[in-house]
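Enquirer: Predicted model and sequence follow; I will ask about them next.
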Amino acid sequence: MLGCRDTKKGRSVITTLILQGVVLGILSGGVYALMASGLTLVFGVLEIINIAQGILVILGAYLSYWLEQRFHIDLFLGLFITIPIMFALGVFIEWAFIRRLKWDRITLSILVTFAIAVIIEGALTYFFTGNLVILQTRYTQQSVYVPFINYYMPLIYIYAFILSVVLLLVLYFIVYRTSFGRCLRASMQNRTAASLIGINVPQVQAITFGLGTALAAAGGMVFGATNAFNPASSYDLISRLLVIIVLGGMGSLWGALAGSLLMIVISDVVVLAFNPLWSSTVFFIFLVVLLVFRPQGLFGKLEGRKQ
Amino acid sequence: MKRLFNQKTSLLLTGALICMLLLSACVTSNSSSNSTSSNNSIPAGPIKIGVSLSLTGDDSADGQATQQGYDTWEAYVNNHGGLLGHQVQMVYYDDGTKTDQTRANYEKLITVDKVNFVVGPFNDPQTITGAEVALQHHMAFLEGIGTGPEVFSKGLTNLFAVSLSATGYFTSFVNYVLSLPPQIRPQTAAYATSDDAFTQPQIDHAQQLLEQGGIKTVLHEVYPAENADPTGPAQKVVNSHADVVLLGTIGLQDCQAHITTFIHQHYNPKLIIASAGPDQGDGFVKAVGGVKNTQGIIVPNDGWWPESKAYQNADFVQFITSKYKIASADISSDSVQAFSVGQVLQQALNQTQSLDNQKLLNVLRNGTFQSLQGPVGFDSTGQNKLAVAYLFQWQNGNLIPVFPQAQAMANVLFPKPNWATS
């Protein structure tokens, strides 16, 4: 009888842990979706792999940090400044470096964007040093209790998740409900044909890269408010973002969202309910199995281009 | 064409040549052995001390900090009359954070550069490799940074670690907890550590000692060192509801993730100790959201802090801060450990009055010395048996020594106050 009660209690604990893992994973996954959507959008339109996306996220985090420290501007209000700045930076990077790549774009883009990443990392280290920092404000330490899963949900994660959903919806609206979005999708499907029907493809590409970089500003702010970071944090970040878009399907916005949620939820559930040392292993087994049966990822390239 | 030698003569000549080569090798070997083990006279010129360091690669920051420590000691000794009346010359090679290169570097230092002594590099694997090479050449290997259990389990009879061994970092904390009266003593403990070779042995050893003292383990969690965001493991610590939390953190990042999760979850254990992170001064304060969230957090210390009254510490702080234009709070523990190696070497050589490595080995095995990190004396495995871990605790915005009593500036704040947001 006692054993039966223990078994029930054990199951209840495991259920609670799994639920905590799912909630934590969904909240964190939303943040990663925001960061990965910029990467996948750029790949979809420009057919380049932007290795600099990780450091652009960190740059966004440092901009928010600087505004908060120097001018005491709230992290979320500061996005009205950082997003336009980062958009302009993205347009400049596309014009100065990416547009020059005329052949073997994927391979060369890896080299070029890596060089950009190294330059930005050097500049950030020079101005901010390599010391870890974290974005702090009055609500970053607060949390609300969720009795069902016996868990205090951090407010910053909730706000970050809401911001991610809002920005992804705005992005969805731009891509699927505006004339620019039609041009963008046409460029995604066939750049030559898009040019022939009068679409200014270089302009679309520049704006798209700008959008991707602007998303990094928002992603950077929420990343910096939930994790301590320094310029070197970009390496871990870009490796995660690449895994997410491979899982979700390169070029697909829905893929970025699904990939982020799956990766983080799987990792957090394994960590909480089983063993942290197994979290990466379990996730990568899942990824390999998925890619064996679906090499294009969850919402692969063809699917993404139909959207 | 007529042959110069017939076959028989050729064979004889070849045999003679081989014999000569063998003889010359023996002579070289003997002379080399003599130069390292039986050289009682001190020739003119500087005393050369060789070291392989990770000046590039993954461990370059630590390697360079170690070099700063050795360079500071070299400058300090040379400013004070040298070693046995001779100037000291440090000879460095970069191993690029690769153990294979460490082996090649020490071979070159000993056989080509013919350094008088070799001292330790950064990190455990390089230390083991360096000591193995030195042992083959019958040379002592003083070092300050390789302190993991693996280093002392190889039977390296020439290895002497001047710093506190990794397993000893939490010993003072254990002693403090077990010294508390039974009615207020914590009953349960949770352990979360990265799978790092330096932190995990500390936690495992502390767990073993606390369990022997009757403290029940409610969680033992190991997370990958490369995990940038250990929020999940931190949540498991919260769920354990342990009275005491021991964290084997490798730096500010994983420490901050744990503390922030505890704050979010309103989890208030009676004591929290983390192996790294709380010692990062202002960086730690900012990372956890201000001074109010640091109150009561403990970090172990290997026996050195800038204001310590230890042997030559005031000189060391003055030398290194002026040489590298850094604040005393920014002095790396790697530099401290390297300088300590030099201090012990100097004291041992003052006893031997010789460059003979065999005499040095004998003195190191039996003597006691002083260093920046406190007293030094070696057991049979090469560990510093006299080293003591100190406990530093954040109290009202200052990180101060609180245990052992002899060095304490205040009593341990027990239990740790609740988080300001609770």
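Expert: The structure has been received and is ready for your questions.
Enquirer: how deep is residue 81 tucked in, by neighbour count?
Expert: Defaulting to chain A. 15 (other Cβ atoms under 10 Å in any protein chain shown). Yep, even glycine has a C-beta here, placed from its N, CA and C like the rest.
Enquirer: I was thinking of chain B, sorry if that wasn't clear
Expert: 10.
Enquirer: Give me the pLDDT for the closest residue to residue A:81 other than its chain neighbours.
Expert: Nearest-residue entry for residue A:81: residue A:67, 6.3 Å, with adjacent residues in sequence omitted and distances by Cβ to Cβ, 6 or more residues apart in numbering or on different chains. Predicted confidence (pLDDT) for residue A:67: 96.
Enquirer: Over to residue A:67. Which of the three states is it?
Expert: The three-state assignment at residue A:67 reads helix, by DSSP: H, G, I helix; E, B strand; the rest coil.
Enquirer: ok, it - contacts?
Expert: With contacts defined as Cβ atoms under 8 Å, 6 or more residues apart in numbering or on different chains, residue A:67 is in contact with A:73, A:78, A:81, A:82.
Enquirer: Can you redo those as CSV, where the extra columns are pLDDT?
Expert: Supplementary listing: the contacts of residue A:67 in CSV, determined by pLDDT from 0 to 100:
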residue, pLDDT
A:73, 95
A:78, 96
A:81, 97
A:82, 97
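Enquirer: if I look at the residue nearest to residue A:81, how far off is residue A:74?
Expert: Residue A:67 is 9 Å from residue A:74, where distance means Cβ to Cβ, to the nearest Å.
Enquirer: Residue A:288 too?
Expert: Residue A:288 is 43 Å from residue A:74, by Cβ to Cβ.
Enquirer: Show me which of these two is the more surrounded one.
Expert: Per other Cβ under 10 Å, whichever of residue A:288 and residue A:74 has more neighbours is residue A:74, with 13 against 9.
Enquirer: what's the neighbour count on residue 272?
Expert: Assuming you mean chain A. Using other Cβ under 10 Å, residue A:272 has 26 other residues around it.
Enquirer: switch to chain B, that's the one I care about
Expert: Neighbours of residue B:272 under the rule other Cβ under 10 Å: 25.
Enquirer: repeat for the one 4 residues further on
Expert: Taking other Cβ under 10 Å as the neighbour definition, residue B:276 ends up with a count of 24.
Enquirer: still on that earlier bit, among the contacts of residue A:67, which ones are in helices?
Expert: Those of the contacts of residue A:67 mapping onto helices are A:81, A:82, per DSSP state H.
Enquirer: Neighbour-wise, which one of the contacts of residue A:67 leads?
Expert: Of all the contacts of residue A:67, residue A:82 has the most neighbours under the rule other Cβ under 10 Å, reaching 25 neighbours.
Enquirer: Relative to residue A:129, how far out is it?
Expert: Distance, residue A:82 to residue A:129, by Cβ to Cβ: 20 Å.
Enquirer: show me the residues around the residue in the stretch 201-350 of chain B that chain A sits nearest to that make contact.
Expert: Across the stretch 201-350 of chain B, no residue is closer to chain A than residue B:232, which sits at 3.1 Å (Cβ to the nearest Cβ). Residue B:232 makes contact with A:21, A:24, A:267, A:268, A:271, A:272, A:276, A:279, B:223 under the criterion Cβ under 8 Å, 6+ apart.
Enquirer: what does residue A:99 give?
Expert: Neighbour list for residue A:99: A:202, A:205, A:206 [criterion: Cβ under 8 Å, 6+ apart].
Enquirer: Whichever of these count as buried, I'd like them selected in PyMOL; how would that read?
Expert: Of the contacts of residue A:99, the buried ones go into a single PyMOL selection, burial set by 16 or more other Cβ atoms under 10 Å in any protein chain shown:
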select buried, chain A and resi 205+206
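Enquirer: could the contacts of residue A:99 be laid out in JSON lines, adding secondary structure?
Expert: Shown next, in JSON lines, are the contacts of residue A:99 (three-state DSSP):
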{"residue": "A:202", "secondary structure": "helix"}
{"residue": "A:205", "secondary structure": "helix"}
{"residue": "A:206", "secondary structure": "helix"}
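Enquirer: need the residues of the stretch 151-300 of chain B near chain A, please.
Expert: B:195, B:221-224, B:226-233, B:235-236, B:239, B:251-253, B:256-257, B:260, B:263-266, B:283, B:286-287, B:289-290, B:293 (Cβ under 8 Å from any Cβ of the partner chain).
Enquirer: same thing but 6 Å
Expert: B:223-224, B:228-229, B:232-233, B:252-253, B:256, B:263-265, B:283, B:287, B:289 (Cβ under 6 Å from any Cβ of the partner chain).
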